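Just the structure for this:
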Amino acid sequence: MSAQVANPGITDVPLLTYLPLPAVTKDLFVVHYSSDPVVARQNQTPPVSAIVVQSVLSGTPLAFAAFTEAEASGVPPGQFLERFPQFEREMLRDFAEYTATHPEAVWVHWGLKEAFFGFDPLNQRAKFHRQQYHNIVPERRFDLAHHLAQRFGDDFAPHPRLWHTARRNLGAIPDLLDDEATLAAWQRGEHGADLRSLYAKVDAIARLFDRVRFDRFITGAAGPNPVPDLKPLATSLHQPDDPAFFRRPELDAGASSFRLKDMTLRHWALLDELLRREAFNHKSRVKTAALAVGVGGANANPNSFKTPIAELAEYELVGTAEGQGGGVWLTRDGRLLAQTRHTN
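Alright, predicted model coming up:
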């Protein structure tokens, strides 16, 4: 079902008025950060408390956090704010070094373009500490919130947009805090809660990117009770939270050897990639080498995919072709299983 069908109230958005989503490769990352919520309310550039990046392809997160720097240094919680500038300086240095090692990266973000919250304020904090700036140039940034506003209209979600959008599309997220809860946690000295919330935000942005990518994004407010059974749309290397959720009676007619609990991360990744490429028959088959690159990146070894492909063929979820380069495509049951993951 298209986004227009899923959101019937949106009928006046002209076509092709927004940039396309960036390709999902090993160089695609989500980035977001958190800052001192007390200073943020004073219309000043607030100190940065943590930055989290996450690979869209693998789902692997990486944190640069003053709180964890303090823990690693053995600083008592009561002294954290006193020594915060030291840990912010080290964190910004480490983040700048990380971005320098990923010059080809594309950075998906959520509205990091404000006067006191965004890529420029990050550099302002680095300048304050006389540290190296991050290497994220405007040409390698993709603002998902801006994309949604252009695509669905400025009222695609009420403010705070990320909180409403995440709960509307993904269900309840226990660690995700709104602004008031973040401020309260910070004032109580619960800085770990702020970091957990940041992890949740970054993961939510990645999952929302997937929903847009598969044309399953839903606009509107979250409501008091967000739908509890919305499952995360898996990125290429993600496994569903509960594989049994995706079973349908139609799948029971498949191979007797097929059991959903036998599906591995690699199996799901292969099905996702074949679905993305619309490989539904022998004519539209995908060569093994190309399939390996699509799932594992440019340096993937095609030989490492032979066993999981053979297992999927045994389950009658894919068809395979012999000969130079081979080829793989989804069977009826394989296509049904792959599509079911993204339509529930």
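
Helices of the stretch 51-200 of the chain, start to end?
Counting by DSSP state H, counting those that start in this stretch, one finds helices in the stretch 51-200 of the chain at the ranges 66-72, 84-100, 119-128, 144-152, 161-170, 179-187, 191-213.

Out of those helices, which is closest to residue 312?
Closest to residue 312 of those is helix 191-213 (C-beta to C-beta; 21.5 Å). To be clear about C-beta, it is placed using only N, CA and C from the backbone, and glycine gets the same treatment.

Output the contacting helices and strands for the closest one.
Applying 3 or more C-beta pairs under 8 Å, 6 or more residues apart in numbering; DSSP states H and E, we find helix 191-213 packed against strand 28-35, strand 48-55, strand 61-65, helix 66-72, strand 106-109, helix 144-152, helix 161-170, helix 179-187.

Now the ones you listed in CSV, please, with extra columns for distance to residue 274, mean neighbour count and mean pLDDT.
Converted to CSV, those look like this (distance: least, C-beta to C-beta, whole Å; neighbours: other C-beta atoms under 10 Å; pLDDT from 0 to 100):
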stretch, distance to residue 274, mean neighbour count, mean pLDDT
strand 28-35, 20, 24, 97
strand 48-55, 21, 23, 96
strand 61-65, 27, 19, 94
helix 66-72, 39, 19, 89
strand 106-109, 24, 22, 98
helix 144-152, 26, 19, 96
helix 161-170, 24, 22, 92
helix 179-187, 41, 15, 89
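
Using CSV, lay out those together with distance to residue 212.
Formatted as CSV, the helices and strands packed on helix 191-213 follow (distance: least, C-beta to C-beta, whole Å):
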stretch, distance to residue 212
strand 28-35, 13
strand 48-55, 16
strand 61-65, 20
helix 66-72, 31
strand 106-109, 10
helix 144-152, 7
helix 161-170, 9
helix 179-187, 24
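
and of those, who's closest to residue 307?
It's strand 48-55; of those, that one is closest to residue 307 (C-beta to C-beta) at 24.0 Å.

related to what we said a few turns ago, need the helices of the stretch 51-200 of the chain in a markdown table (columns: distance to residue 59).
Listed next are the helices of the stretch 51-200 of the chain as a markdown table, based on distance: least, C-beta to C-beta, whole Å:
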| stretch | distance to residue 59 |
| --- | --- |
| helix 66-72 | 20 |
| helix 84-100 | 18 |
| helix 119-128 | 23 |
| helix 144-152 | 16 |
| helix 161-170 | 14 |
| helix 179-187 | 24 |
| helix 191-213 | 7 |
